[in-house]
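Undergrad: predicted model, plus sequence, below.
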Amino acid sequence: MAYHLGENVVIYPGTVIGEGCRIADNAVLGKQPVLSPRSTAPRDPLPPLELGPGTVVSAGAIVFAGTRIGARVIVADQACVRERCAIGDDAVIGRGVLVENDTVIGARTKIQANAYITAYSTLEEEVFVAPCVVTTNDNFMGRTEKRHALRRGPTIRRGARIGGGAVLLPGIEIGEEAFVGAGAVVLRDVPARAVVVGNPARQIREVPDEELLDGG
Amino acid sequence: MAYHLGENVVIYPGTVIGEGCRIADNAVLGKQPVLSPRSTAPRDPLPPLELGPGTVVSAGAIVFAGTRIGARVIVADQACVRERCAIGDDAVIGRGVLVENDTVIGARTKIQANAYITAYSTLEEEVFVAPCVVTTNDNFMGRTEKRHALRRGPTIRRGARIGGGAVLLPGIEIGEEAFVGAGAVVLRDVPARAVVVGNPARQIREVPDEELLDGG
Amino acid sequence: MAYHLGENVVIYPGTVIGEGCRIADNAVLGKQPVLSPRSTAPRDPLPPLELGPGTVVSAGAIVFAGTRIGARVIVADQACVRERCAIGDDAVIGRGVLVENDTVIGARTKIQANAYITAYSTLEEEVFVAPCVVTTNDNFMGRTEKRHALRRGPTIRRGARIGGGAVLLPGIEIGEEAFVGAGAVVLRDVPARAVVVGNPARQIREVPDEELLDGG
């Protein structure tokens, strides 16, 4: 296997690194999670991290064991991808982004800088998450026992776009090709192709044809 | 003392590391602050960092000199805790969090990923701060001389919960067991047990019994 | 040249480091960008990074090639400054901040922790950007071809202040000495000296004389 390693890279045993990958300075690959004694996350032993061919893990980024990353993905500087995630081909995980555990991200989806993707999220293909978007998965914020059964991250359908600094409440579904304006706080599911803005977010129009994935 | 060190860890002289601590790759412990010539923070020499037994400092995290961290605390990946802080036992400082200088954080308080805790904050015990919460301490944003006397971070009382992406204005007090909804912008003190949402945040109800610390 | 280097620092060839600079542990200087095959950013070869005298690059920070940083600047812990930026003397780039490519930041401007400065932004002198501010530059969020011609970051005039967690829509101009409240979502240009708050942001008054740069 031919790949490129920067300085001070830490690679845990068993990590699978595809042909032509670039792993930049100070990156950490294949780390096992250290859970809080109070954490409710699973504690099963994790298989090694796998990186597909041509994938880049940039400086200071951390990718955990138990995750599979596709081909030609970019995990940008200082980002972090937790355990048991699946990241599709040609996705971009922007600088400083955190993708929490048990999350699925589709091919060609772009998550821009400093966005926060909570655990148990599903992002389909061609999704665009702007910088500093906030997602959540627990309406009880750590209180009550029933929260464990009710915890649910967002489902963001194919081609949807989420604006900078928007906040999604737990379990929200954002429909195909929908558009959430910057700074919106989304309390309810958003229909396909709807444009929503404000706090709380309300629909103001539909996405024009020219902005659809197969339009323009 | 027996503790575990990862790769490329930097530990400044005098740092006290408790029994059973785990310090992960690329962490920096006991760093002295480098202040801007224009900074108004104190410039006294700082005593060494102290970590209680069983505490974890994860990959790429930075903890400054002059801070005391209790037992079994987790400082997660890429987080940063500044100087002159006191962090209680069993607290969790999430991935990418910044806890600024002169802040007190109570036992069992959880600060989730990417939240920002401003200088001179007080968080009591069992507080829950969701991801990407923003706190502030200066209504004058660096202008006027009187700001120095008026600067005040938030006081977050026992058992309060702050939702993802919420913003707290300077000097706000969040009462015991209060609940601030995701994306709220809090301009005024929040009474104990109140549930507030929106921008500006308004009370909509009380926290139900089953969600209280001693309920459920 | 005399300057101070921490542990595990990575410096790419040609980087110019001024007299009296301090480069802290795990910092990366002069990195070339690794662009996504789908990125629309320019791909010209970049000249080396230049750091003026007395500048500090703190622990875990990354500064790219093709950028010029003035004298006595602080690039704080875990921050990142991308390629083709110009940072004026005595500026402060706070902890965890990302300054994207092709951005100009004036002398004495302070960008506080975790703020996000999008590509193609202009911040003049003495600007204050509070923690976790979000800026944006693309109303189309990656869709349509015409977006490339229309993409525009914010222009923040001399002495303006932007409150914690505020969100600026693409291409917004914030006038001289204007004040954007914490948590505001700014959809339209803000006149000089105006105070705006809310989502959407509306003007509520003017900045008092005592808070002007030449006041008090």
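TA: All right, it came through fine. Residues are numbered from 1 along each chain as shown, chains lettered A, B, ... in the order given.
Undergrad: can you find the helix or strand in chain A with the smallest mean pLDDT?
TA: The weakest-scoring helix or strand in chain A, judged by mean pLDDT, DSSP states H and E, is helix A:147-150 (a mean of 88).
Undergrad: so the residue in chain A positioned nearest to chain C, which of the three states?
TA: Residue of chain A nearest chain C, by Cβ to the nearest Cβ: A:G183 (3.4 Å). C-betas here are computed from N, CA, C, even on glycine. Applying DSSP: H, G, I helix; E, B strand; the rest coil to A:G183 yields a three-state assignment of coil.
Undergrad: what is the neighbour count of the closest residue to it other than its chain neighbours?
TA: In space, and not counting its chain neighbours, A:G183 is closest to C:V185: 3.4 Å by Cβ to Cβ, 6 or more residues apart in numbering or on different chains. Using other Cβ atoms under 10 Å in any protein chain shown, the number of residues around C:V185 comes to 30.
Undergrad: contact partners for C:V185?
TA: A:G165, A:A182, A:G183, A:N199, C:A166, C:V167, C:L169, C:G198, C:N199, C:P200, C:A201 (Cβ atoms under 8 Å, 6 or more residues apart in numbering or on different chains).
Undergrad: which residue is the nearest non-sequential neighbour of A:T109?
TA: Nearest residue to A:T109, sequence neighbours excluded (Cβ to Cβ, 6+ apart): A:V127, at 4.3 Å.
Undergrad: I'd say the one you found and A:P154 touch.
TA: No - look at A:V127 against A:P154 with Cβ atoms under 8 Å: they stay out of range, at 10.3 Å.
Undergrad: what about the two, which has more around it?
TA: Using other Cβ under 10 Å as the criterion, A:V127 and A:P154 rank with A:P154 on top: 27 against 23.
Undergrad: listing request: residues of chain A with sub-threshold pLDDT.
TA: A:1, A:36-38, A:41, A:215-216 (pLDDT under 70).
Undergrad: return the residues in contact with A:I17.
TA: Per Cβ under 8 Å, 6+ apart, neighbours of A:I17: A:M1, A:Y3, A:I11, A:I23, A:L29, A:L51.
Undergrad: the third one: what's its closest spatial neighbour, skipping adjacent residues?
TA: Read that as A:I11. Per Cβ to Cβ, 6+ apart, closest to A:I11 is A:L29, 4.7 Å.
Undergrad: buried residues, stretch A:150-158. List them.
TA: Using 16 or more other Cβ atoms under 10 Å in any protein chain shown as the test for burial, stretch A:150-158 gives A:R151, A:R152, A:G153, A:P154, A:T155, A:I156, A:R157, A:R158.
Undergrad: next, give phi and psi for the closest residue to A:T67 other than its chain neighbours.
TA: If the residues on either side of it in the chain are set aside, A:T67 comes closest to A:C85, at 4.4 Å by Cβ to Cβ, 6+ apart. Per-residue torsions, A:C85: phi -100, psi 160 (degrees, to the nearest 10).
Undergrad: tell me who's in contact with A:C85.
TA: With contact taken as Cβ under 8 Å, 6+ apart, A:C85 is in contact with A:F64, A:G66, A:T67, A:R68, A:I69, A:V99, A:N101, A:D102, A:T103, A:V104, A:I105.
Undergrad: from B:V207, how far off is it?
TA: According to Cβ to Cβ, to the nearest Å, A:C85 stands 33 Å off from B:V207.
Undergrad: now swap in A:D138 and tell me
TA: Separation of A:D138 from B:V207 (Cβ to Cβ): 15 Å.
Undergrad: repeat for A:A86
TA: In terms of Cβ to Cβ, A:A86 sits 37 Å off from B:V207.
Undergrad: what about the two, which has more around it?
TA: B:V207 (20 against 14).
Undergrad: surely that one and B:V180 touch.
TA: No - B:V207 lies out of contact with B:V180 (Cβ under 8 Å); the separation is 10.9 Å.
Undergrad: next, count neighbours for A:E19.
TA: A:E19 sits with 12 neighbouring residues when counted by other Cβ under 10 Å.
Undergrad: leaving out the residues flanking it, which one is nearest to it?
TA: The shortest distance from A:E19 to any non-neighbouring residue, by Cβ to Cβ, 6+ apart, is to A:P53 (4.4 Å).
Undergrad: just checking, that neighbour touches A:G20?
TA: Yes - counting by Cβ under 8 Å, A:P53 touches A:G20, with 5.4 Å between them.
Undergrad: please, a ChimeraX command that selects the buried ones among the contacts of C:V185?
TA: ChimeraX command restricting those to the buried ones, with burial defined by 16+ other Cβ under 10 Å:
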select /A:165,182,183,199 /C:166,167,169,198,199,200,201
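Undergrad: from the contacts of C:V185, which ones fall inside strands?
TA: C:V167 (DSSP state E).
Undergrad: which of the contacts of C:V185 sits closest to A:C80?
TA: Closest approach to A:C80 among the contacts of C:V185 (Cβ to Cβ): A:G165, at 19.7 Å.
Undergrad: please verify my assumption that A:G153 contacts A:Y120.
TA: Yes - in this structure A:G153 lies within contact range of A:Y120 using Cβ under 8 Å: 4.2 Å.
Undergrad: all set now, cheers.
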